[in-house]
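J.: Sequence plus predicted model, see below.
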Amino acid sequence: MKRVLITGAAGFLGSHLCDRFIKEGYYVIGMDNLITGDLKNIGHLFKLKEFEFYHHDVSKFVFVPGELHYILHFASPASPIDYLKIPIQTLKVSSLGTHNLLGLAKAKGARILVASTSEVYGDPLVHPQREDYWGNVNPIGPRGVYDEAKRFQEAITMAYHTYHQLETRIVRIFNTYGPRMRLNDGRVLPAFIGQALRGEDLTMFGDGSQTRSFCYVDDLVEGIYRLMMSDYQYPVNIGNPDEITIREFAEEIIKLTGTQQKIVSKPLPQDDPKQRQPDITVARRELKWEPTVNRAEGLRRTYDYFKGLSKEELYNSAHRFS
Ligand code: UDP
């Protein structure tokens, strides 16, 4: 049985990746320090003999006994609110944490895939974003701790590939949504759906003309799985190119949920990218991948998940670090 280590296993993407690798017949070792992750996302896996969990912060030395064939590094706060509240941990997990996991991969002879992000493009001056665009990032702005840590992560990963011949993969993840997103992580989709379910107005930042392109989680996981199994060493955008303004997105959520509430405008956060859309030519060519779940379907599935949350979860939505 091949053994895979998944960091950030109790998070949104990490938990879906655990499910996928278990389904593919792997032995999965999940690791998480539970700062932003939640054990309820992987509670269903604990009874399986193909799964084990380490409560550990990967910014510190990582020890895993036995063989390892694959590592997926998905530990990191991943929403602007999170990295504003825990900036140092955000910097450490993608810098020191990545270094530790690259060392582990080298020691075990494992292939490693690191989770990078569309944030490496910053507030992009090229649209849609192709992998060969170098980005427009403010290193000392509120997003700098995330963006620059992820850029460093790509650099050190390529260095291990070049100097140690390590088998590395880099995925640049664009906005993704689906079940198990944290209701209080500040991201636009859980924010809007949570507000609709609680009967509150939807808080649109700025005039809502900024755009994003939302990918359903199952599509993302498929893209990541294909990238891991491919022999492509360079960064690959994985995301859904279907671009929409945040105002249109708010209107879609109002329609989906049937809420009677209205859209209210709040100040636009500093350095909020004005537009974002992945160019997925490389993924199509190298991985024969493209998204298959459209937004109407993905939003329906996601709304079903949020509707199933308890009243306590719905109303206890203050941010964890506030
Ligand atoms: N946004 C919004 N209302 C909210 C939360 C976010 O209008 O309650 C906007 C935010 O300003 C950004 C977009 O939605 O333009 C996506 O924000 P998110 O935090 O989900 O992701 P990111 O900015 O990292 O793409």
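T.: Received, thanks.
J.: Show the contacting residues for Leu113.
T.: By Cβ atoms under 8 Å, 6 or more residues apart in numbering, Leu113 lies in contact with Tyr70, Ile71, Leu72, His73, Thr168, Arg169, Ile170, Val171, Ile224, Leu227, Met228. Just so you know, the C-beta spots here come from the backbone N, C-alpha and C atoms, and that holds for glycine as well.
J.: Please report the distance of the most far-flung residue of the chain relative to its centre from the ligand.
T.: The outermost residue of the chain relative to its centre, with distances by Cα atoms, centre = their mean, is Gln260 at 31.0 Å. Between Gln260 and the ligand the distance is 18 Å, computed by Cβ to the nearest ligand atom, to the nearest Å.
J.: what's the answer for Ala78, then?
T.: Ala78 sits 8 Å away from the ligand, taking Cβ to the nearest ligand atom as the criterion.
J.: which one is the residue farthest from the centre of the chain nearest to, not counting chain neighbours?
T.: Closest residue to Gln260 in three dimensions, ignoring its sequence neighbours and counting by Cβ to Cβ, 6 or more residues apart in numbering: Gly199, at 7.8 Å.
J.: so what's the one you found up against?
T.: In this structure, Gly199 makes contact with Thr259, Gln260, Gln261, judged by Cβ under 8 Å, 6+ apart.
J.: hang on, the earlier thing: of the contacts of Leu113, which count as buried by neighbour count?
T.: When those are checked for burial by 16 or more other Cβ atoms under 10 Å, the buried set is Tyr70, Ile71, Leu72, His73, Thr168, Arg169, Ile170, Val171, Ile224, Leu227, Met228.
J.: Let me have those in JSON lines, extended by distance to Phe51 and secondary structure.
T.: Shown next, in JSON lines, are the buried ones among the contacts of Leu113 (distance: Cβ to Cβ, whole Å; DSSP: H, G, I helix; E, B strand; the rest coil):
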{"residue": "Tyr70", "distance to Phe51": "15", "secondary structure": "strand"}
{"residue": "Ile71", "distance to Phe51": "16", "secondary structure": "strand"}
{"residue": "Leu72", "distance to Phe51": "14", "secondary structure": "strand"}
{"residue": "His73", "distance to Phe51": "18", "secondary structure": "strand"}
{"residue": "Thr168", "distance to Phe51": "25", "secondary structure": "strand"}
{"residue": "Arg169", "distance to Phe51": "23", "secondary structure": "strand"}
{"residue": "Ile170", "distance to Phe51": "26", "secondary structure": "strand"}
{"residue": "Val171", "distance to Phe51": "23", "secondary structure": "strand"}
{"residue": "Ile224", "distance to Phe51": "19", "secondary structure": "helix"}
{"residue": "Leu227", "distance to Phe51": "23", "secondary structure": "helix"}
{"residue": "Met228", "distance to Phe51": "18", "secondary structure": "helix"}
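J.: Out of the residues you listed, flag the one nearest to Gly194.
T.: For Gly194, the nearest member of the buried ones among the contacts of Leu113 is Ile224. The distance, counting by Cβ to Cβ, is 26.6 Å.
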